[in-house]
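**Student:** I would like to see how this sequence folds:
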Amino acid sequence: MNTTNINTETKSFISNENFLNEWLGNRRLTRKVIVAFPEDKLFTHSIGGMRTFAQMVKEIIDLSGPGVRGIATNNWENTGGFTEHDVAPEYRSKAGLLQLFDEGTAEIQAYWPQISEERFTESVLAFGMYEGLVFSTILYFKDNEIHHRAQGTVYLRSLGVEPPAFYDRS
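**Tutor:** Residues are numbered from 1 along each chain as shown. Have a look, this model is predicted:
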């Protein structure tokens, strides 16, 4: 009988740095979709009873930066709040929403280097509510952003605005 010794060590298929760069490319595209949105429709336009794009963007903001900070530090306080993902009055403009979005991107970039390679396979209870492995939680943050960006793209088309190309992450 011929047996083969199998190495059970798991290696990542992508480096932490490359994953971060991929996510940041998606964030640049999400930002372009926000910029393309007409100011007067960002907080009011919806289709079929869905939330406005501003509320969807606020959800992205509430999850991403605070989520990466939580993974890095185990501090799951969400300074943006989870209250229906409403945007505070002082940020109820395209410029204000972009400011919050950019602050979230800066938070991701600041805390990402603090996440060790080993941490990606550890269990986490994100925001005290969502249990999973760190890597799957981060993938959720990224997938959630892509999902809502796609909804924003549909909204733009419904308003007669050509959205940024889905592949333009520059």
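**Student:** quick one: contacts for Glu122?
**Tutor:** Residues in contact with Glu122 (Cβ atoms under 8 Å, 6 or more residues apart in numbering) are 133-134. Using the backbone N, CA and C atoms, a C-beta is placed for each residue, glycine as well.
**Student:** how about it, phi and psi?
**Tutor:** phi -90, psi 160 (degrees, to the nearest 10).
**Student:** again with Leu63
**Tutor:** phi -90, psi -50.
**Student:** where does it land on pLDDT?
**Tutor:** Note for Leu63: predicted pLDDT of 93.
**Student:** repeat for Glu39
**Tutor:** 94.
**Student:** OK, contacts around it?
**Tutor:** Glu39 touches 93-94, counting by Cβ under 8 Å, 6+ apart.
**Student:** count of residues packed around Leu97?
**Tutor:** 21 (other Cβ atoms under 10 Å).
**Student:** before we move on, what about Asn74?
**Tutor:** Neighbourhood size, Asn74 [other Cβ under 10 Å]: 9.
**Student:** show me the shaky parts of the chain.
**Tutor:** The chain contains residues with pLDDT under 70 at 1-11, 78-85.
**Student:** just the buried residues of stretch 59-75, please?
**Tutor:** Within stretch 59-75, the residues scored as buried using 16 or more other Cβ atoms under 10 Å are 59-72.
**Student:** redo these as a markdown table? Include secondary structure and distance to Leu29.
**Tutor:** Below are the buried residues of stretch 59-75 laid out as a markdown table (DSSP: H, G, I helix; E, B strand; the rest coil; distance: Cβ to Cβ, whole Å):
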| residue | secondary structure | distance to Leu29 |
| --- | --- | --- |
| Glu59 | helix | 17 |
| Ile60 | helix | 12 |
| Ile61 | helix | 16 |
| Asp62 | helix | 19 |
| Leu63 | helix | 17 |
| Ser64 | helix | 14 |
| Gly65 | helix | 17 |
| Pro66 | helix | 21 |
| Gly67 | helix | 19 |
| Val68 | helix | 18 |
| Arg69 | helix | 23 |
| Gly70 | helix | 24 |
| Ile71 | helix | 23 |
| Ala72 | helix | 24 |
